[in-house]
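Participant: Just need the structure, nothing else, for what follows:
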Amino acid sequence: MQSMPFVNFMHTAYTLPLSILSGVQVVQPDKFTLTLRLRTPLSQGWLHLSWHPTAARVCVGQPPHRGNVTEAFSFAEQATAQLKGLVLLSAQLPVPWERVVQLDFGTRPGDAPSRQLFCEVMAKYSNVVLTTAEGSILQCGYQVGGAMSSLRQVQQGRPYQLPPAVNGIPPSAAEPLNTWQQNITQAASLAAAKRTAAVAKKQHSSSSSSQETVLAGATRAYMGVSPSLVEELCKTAGVNPHSRPDSLRSQDWCELHGAWLAWLDRLHSGNFTACSCPSTGKFSVIGIYSQQHNSVHDMIDGYYGTIQAGEVYANLHQRLSNAVKQALKKARGKVYSFQQQLAAADGAAAVQKEADIIVANLYRIPPKASQLEAEDWDTGAPILLQLDSTKTPMEVAEGLYKKARKLRRAVDAVQPLLEGAQQELEYLETVELELSQMPPGGAEQELAALREVQEELVESKIIKAPPEAALQAKAAAKGRKAHKKQQKSSFPPSAAAAADGRGPRQYASPGGFAVLVGRNNKQNDVLSHQIARPGDIWMHVRGMPGSHTVIRLDPGREPAQEDLQYAADLAAWFSKARDAGKADVIVARAEHLKKFKGAKPGQVLVTKEEGNVVAKPSQSAAATDADR
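Facilitator: Residues are numbered from 1 along each chain as shown. Alright, predicted model coming up:
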């Protein structure tokens, strides 16, 4: 993972201190990010301040998603109260070449600031601190007590102190080449000696000395210089960053110094070229990679936003998978228990038969008898029945009649419970399949679909609602309502709906028909009962959990066999039959689908089948995309 470049702090400081900025709104979309909406008479923007351990950043980016949980975090609540009615006066670096941005807020432009917000981007030590104008800490993202650090405590009520200054020389374009070269060479020697001593101490023995490199020397010699920046400058100059300083030619030093001066010029002029490498994901502000970005802010927000979303996705996926696994274990136990009870209830006739034989032979049974030898009425063979010598034969028979009646009642009581347990088991197996087939990474589309699964499990009472669920639902209600209205009024779904994962997967068959595949049970319900119109083709793999698949038909057109095969292969791929060579896929019309009473999300009743298609999952369009 690449660290956030220092130039982004300079870029933030250059582009934000506008006197017309006003109307600050505070939103906290997650526990590591504070987002400020900054409005002007003509436009607005969202400033993201993140203290995430691996994705800390300061940048202007996209607005937070609907369903934010600001009210669930005390920092957002405190910041909202403290910044209410204030405007952003300025953004600056309180210490040159440090990764700390200071935002000043006041009543109106030109007034002295009354509140200050400091964002410290320092990997796992990152933090955001809200203070008074006098420097007293009001709130912070991460409190640091005396037991955690002896250098600096960050706690409410304490005076705010900037992080300890880093070692190094401030970069300057006025520094001559020979001095610059000498500083890097000496710093490289010191860095190598320090590494050698550290290795020797760890191994408790002498060790060969570490190699001096340009990369280590430049990083150690100058403030605000990261290893990734040195690698970029070396690439521009055609120099190996791992070369020894004394091995470089004079021409190499001149080229490298020229790249250094060009970087300083970009830094002070704000003339950045934001770009990234599509294959490695590395980014730069000096234009050395092929993929261009609109601004440094867009590049930083996209890069670190993806990292943070991926972490959220992985944690949520793991949590839901564990919950479904436990629910499956419980559901299988319930099914087995009910099946055992029904199996025992099947012996009601045999129990009553024993009672009948005892009653028919009462005249032959002596007092306090423990056994009765009688004839089996069905086979004529002799049988031996056990009696309770402490009871009369009639009492024994009445006890058997009572047991038989209880077993027959159990059949009536347990059978619907078994059907409900089997239905729940089938539903959970479908959810388990959906989670197992969700791709890794956590792109915005997959994360939105995963959150739909979470909502579905909460509604089904499989898991408890998270603490912020009510707040999310309240904030997202308008968005869902607007989307549902748009979804009913037009098709295909809007680009916005497809972008955030609310819509189903979309494919085009060889005949040009739209083929839609649900991503989860909630989408399966919407697809089968809202999007699908009468006459559309509906498909589902037979006897296994899987996604609902719909072929949208135009009036007067019917799909060819190759279109049916195309959709059937997709239905099989997005099912438990993915790894099978072949699978039977049900074909029905959308008007022949019904939602039966008590059905879980994604469960339907097919009242009439149109036919069956033998699908080959490995030949589906989705399988082809996965192999690329």
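
Participant: contacting residues for residue 369?
Facilitator: Residue 369 makes contact with 387, 389, 393, according to Cβ atoms under 8 Å, 6 or more residues apart in numbering. For the C-beta atoms, the positions are set from N, CA and C on the backbone; glycine is no exception.

Participant: er, residue 396 I mean
Facilitator: So residue 396 contacts 358, 387, 388 (Cβ under 8 Å, 6+ apart).

Participant: quick revisit: most neighbours among the contacts of residue 369, which one?
Facilitator: Comparing the contacts of residue 369 by number of neighbours (other Cβ atoms under 10 Å), residue 393 comes first, having 21 neighbours.

Participant: what sits against that residue?
Facilitator: 358, 362, 365, 369, 372, 387.

Participant: Quick check: pLDDT value at it.
Facilitator: In this model, residue 393 is scored at 89, pLDDT.

Participant: Kindly report the same for residue 480.
Facilitator: Looking at residue 480, the pLDDT reads 57.

Participant: cool, residue 344 as well?
Facilitator: pLDDT at residue 344 comes out at 76.

Participant: Direction included, what does the longest strand along the chain pair against?
Facilitator: Determined from DSSP state E, the single longest strand within the chain is strand 22-30. In the sheet, strand 22-30 lines up against strand 33-39 (antiparallel) (DSSP bridges).

Participant: Following element in sequence after the partner strand, please.
Facilitator: Next along the chain after strand 33-39, taking DSSP states H and E as the criterion, comes strand 44-50.

Participant: related to what we said a few turns ago, ok, and what's touching the longest strand of the chain?
Facilitator: Strand 22-30 is contacted by residues 34-40, 64-65, 68-70, 73, 75-76, 79-80, 83, 86-88, 105, 308, 312 when judged by Cβ under 8 Å, 6+ apart.

Participant: between it and strand 44-50, what angle do the directions make?
Facilitator: Put simply, strand 22-30 runs at 40 degrees to strand 44-50, going by axes from the mean of the first three to the mean of the last three Cα atoms, to 10 degrees.

Participant: Centroid-nearest residue for the chain?
Facilitator: Nearest to the geometric centre of the chain sits residue 313, at 1.6 Å (Cα atoms, centre = their mean).

Participant: what are the phi and psi angles of the nearest residue to residue 465 once chain neighbours are set aside?
Facilitator: Excluding its sequence neighbours, the residue lying closest to residue 465 (Cβ to Cβ, 6 or more residues apart in numbering) is residue 458, at 4.7 Å. Phi and psi for residue 458, reported as degrees, to the nearest 10, are phi -70, psi -50.

Participant: pretty sure residue 458 is touching residue 452, no?
Facilitator: No: using Cβ atoms under 8 Å as the test, residue 458 is too far from residue 452 to be in contact (10.7 Å).

Participant: How about the longest strand of the chain, which residues are buried there?
Facilitator: Judged by neighbour count (16 or more other Cβ atoms under 10 Å), strand 22-30 contains these buried residues: 22, 24, 26, 27, 28, 29, 30.

Participant: Now the phi/psi pair for the residue nearest to the centre of the chain, please.
Facilitator: phi -60, psi -50.

Participant: May I ask you to confirm that it is in contact with residue 445?
Facilitator: No: with contact defined as Cβ under 8 Å, residue 313 does not count as touching residue 445 (10.6 Å).

Participant: on that earlier part again, ok, the residue nearest to residue 465 to residue 522 distance?
Facilitator: Remark: distance between residue 458 and residue 522 (Cβ to Cβ, to the nearest Å) = 11 Å.

Participant: Name the residue in the two with the higher neighbour count.
Facilitator: Taking neighbours as other Cβ under 10 Å, residue 458 and residue 522 compare with residue 522 leading, 18 against 15.

Participant: Could I have the CA atoms of the helix or strand harbouring the more buried one written out in CSV?
Facilitator: Using DSSP H and E, residue 522 sits in helix 521-526. Coordinates of the C-alpha atoms in helix 521-526 are reproduced here as CSV (Å, rounded to 0.1, in the frame of the first residue of the first chain):
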residue,chain,number,x,y,z
ASN,A,521,-32.6,-13.0,-2.2
LYS,A,522,-33.9,-9.4,-1.9
GLN,A,523,-33.0,-8.8,-5.5
ASN,A,524,-34.5,-12.1,-6.5
ASP,A,525,-37.8,-11.0,-5.0
VAL,A,526,-37.7,-7.7,-6.8
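
Participant: which of the residues in that helix are buried?
Facilitator: 521, 522, 523, 524, 525, 526.

Participant: which outside residues touch that helix?
Facilitator: Looking at what lies outside helix 521-526 - Cβ under 8 Å, 6+ apart - the contacts are 427, 430-431, 434, 449, 452-453, 455-456, 487, 503-504, 518, 547-548, 595, 600-602.
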